[in-house]
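Engineer: Fold the stuff below for me.
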Amino acid sequence: MTLTVWLSLFTISILGAMSPGPSLAAVAKHSLAGGRLNGLAAAWAHAMGIGLYAFITLIGLAVVLQQSPIVFKTISYAGAAYLAYLGYNALRSRGGVAAKLESGERTSLWQSAREGFLISLLSPKIALFFIALFSQFVAVGDSVAAKGLIVLTPMVVDGLWYSLITFLLSSPRLIDRIRSKALLIDRLSGAVLILLALRVVLTV
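Structural biologist: Down below sits the predicted model:
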C-alpha cells in the first residue's frame, strides 16, 4: 500500500469518525455521566466494533450485504430498534445523563464498553460507510501488512477521536456547567436518537 492510498484511507476514516450520530451521543453520555474512564471504555469498545467491521469487510462482508438485501435489512432494523431503545430511556431519564448525575449512580466500565460496542456494531450508518467507501481499499490489501493497516487505521482513528471527545467532556469545569442542563441534554439526545431510528426504518 502506497502512502497516498493510506492517506486516502486515513482521511476517509477520520471524516467517518467525526460525523455526528448515535456514536457521538453514546460516548458523550458515558463521559458526562460516568466520567473519563467510562468515556474511554465506550470510545475504545466502539473502536473495536469499527475494527471488526473493517475486518469482516476485508474478508467479504461488503459483497454479501450488497447481494443479500435481507441481511442488510436485518442489521438495519436491529440497529434502529437499539437506537429507539436508547432514545426512549433518555427521554424518560432512565440511564441518561440527568438520572446518573442526579442520583450519583456510577455506570460500570463494562456497561459503557458494551453500549459503545453495540452502537458501532448495530449502526446501519457504519455498515453503509464500509460498503460504500471502505470496501474500495480491500483490493489494495494484497499483503498481510496491508490488510493489517486497512483494519487498524479506522479502528485507531475512531478510538483516538472519541478519546479526545471524552477528555473534553470530562473536564471538571465543563461538568459543572452541564450539570444544570442535564435534563435538557437527555431530552435532546433522546429525540435525536429516536429520529435517527425512524430515518433508518424509512430509508431501508
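
Engineer: switch to C-alpha atoms for all contacts and neighbour counts from now on
Structural biologist: OK.

Engineer: Tell me the gap between the helix or strand hosting K73 and the middle of its chain.
Structural biologist: Assigning secondary structure by DSSP states H and E places K73 in helix 69-91. Computed by CA atoms, centre = their mean, to the nearest Å, the separation of helix 69-91 from the middle of its chain amounts to 13 Å.

Engineer: Packing partners of it?
Structural biologist: If you count contacts as 3 or more CA pairs under 8 Å, 6 or more residues apart in numbering; DSSP states H and E, helix 69-91 packs onto helix 61-67, helix 124-132, helix 182-203.

Engineer: Okay, and I119 sits in which element?
Structural biologist: helix 109-121.

Engineer: which strands and helices sit next to that helix?
Structural biologist: Using 3+ CA pairs under 8 Å, 6+ apart: helix 109-121 touches helix 22-33, helix 36-58.

Engineer: for the last one, what is the average pLDDT?
Structural biologist: The average pLDDT within helix 36-58 is 89.

Engineer: Now the residue nearest the centre of the chain: closest residue in space that isn't a chain neighbour?
Structural biologist: Against the mean C-alpha coordinate of the chain, by CA atoms, centre = their mean, the closest residue is S23 at 3.1 Å. Nearest residue to S23 in three dimensions, chain neighbours excluded: I119, at 6.1 Å (CA to CA, 6 or more residues apart in numbering).

Engineer: now M18
Structural biologist: W161 (7.3 Å).

Engineer: Tell me, how many residues neighbour the one you found?
Structural biologist: 16 (other CA atoms under 10 Å).

Engineer: what about A145, how many residues close to it?
Structural biologist: 10.

Engineer: tell me the contacts of it?
Structural biologist: By CA atoms under 8 Å, 6 or more residues apart in numbering, the contact set of A145 is empty.

Engineer: got it, and G190?
Structural biologist: Shown in contact with G190 (CA under 8 Å, 6+ apart): 86-91.
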